[in-house]
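Undergrad: Sequence and predicted structure are below.
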Amino acid sequence: MNDRRVLELLGLVERDPFGLRADARAIRSSSPSACFRQEREASGYSGAEANGQLIARNVTLSPAIVATIVVAEQIFPVVGVLAGDALAFVNKPTTQAGAGVTQGRVSSAGNVALAFVNPTAAGVTPTAGETYVIGLFRR
């Protein structure tokens, strides 16, 4: 199965059995959000997400300190999130010693809860002002 077929199955591009409208720039993109944005534009994306689509949001976050040897959930506002959405992925743009994102969920309309882990013997504050990519599946 190629990348284009995966995007078709996710509903991000129209089905094109002969490959006449393939957009190689989007498929080769290194950024998931850029790939989704380019594919939506190439397929006449109107700006309104429909059910069954994978939606990428870029969100600048400044998480609070994560206590020692704990997984702590923090809630952040994310524009356009609906209560029925499912969090598909979260991408922290940098690695950081002692801090990581383990999972996430949509806590309510307009809010995403992310779980940060700190396995070290001291509190760790994830880097402030980073732009995370949040992937949502609209059900």
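TA: Yep, that arrived.
Undergrad: tell me the domain boundaries of the protein?
TA: Following automatic domain parsing, the chain resolves into domains at 3-42, 54-137.
Undergrad: Mind pulling up the pLDDT for the closest residue to Asn91 other than its chain neighbours?
TA: With Cβ to Cβ, 6 or more residues apart in numbering as the criterion, Asn91 has its nearest non-adjacent residue at 4.1 Å, and that residue is Val133. For glycine as for every other residue, the C-beta is placed from the backbone atoms N, C-alpha and C. We note a pLDDT of 95 for Val133 in this prediction.
Undergrad: Just list whatever residues bridge to Val133.
TA: For Val133, the beta-bridge partners are Asn58, Asn91 (DSSP bridges).
Undergrad: Would you map the strands across the protein?
TA: Ranges of strands in the chain, per DSSP state E, are 54-61, 70-77, 86-91, 100-108, 111-118, 130-137.
Undergrad: now these as CSV including distance to Val124?
TA: Below are these laid out as CSV (distance: least, Cβ to Cβ, whole Å):
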stretch, distance to Val124
strand 54-61, 15
strand 70-77, 10
strand 86-91, 17
strand 100-108, 9
strand 111-118, 5
strand 130-137, 14
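Undergrad: With mean neighbour count as extra columns, can I get those strands in TSV?
TA: Formatted as TSV, the strands of the chain follow (neighbours: other Cβ atoms under 10 Å):
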stretch	mean neighbour count
strand 54-61	17
strand 70-77	14
strand 86-91	16
strand 100-108	16
strand 111-118	20
strand 130-137	19
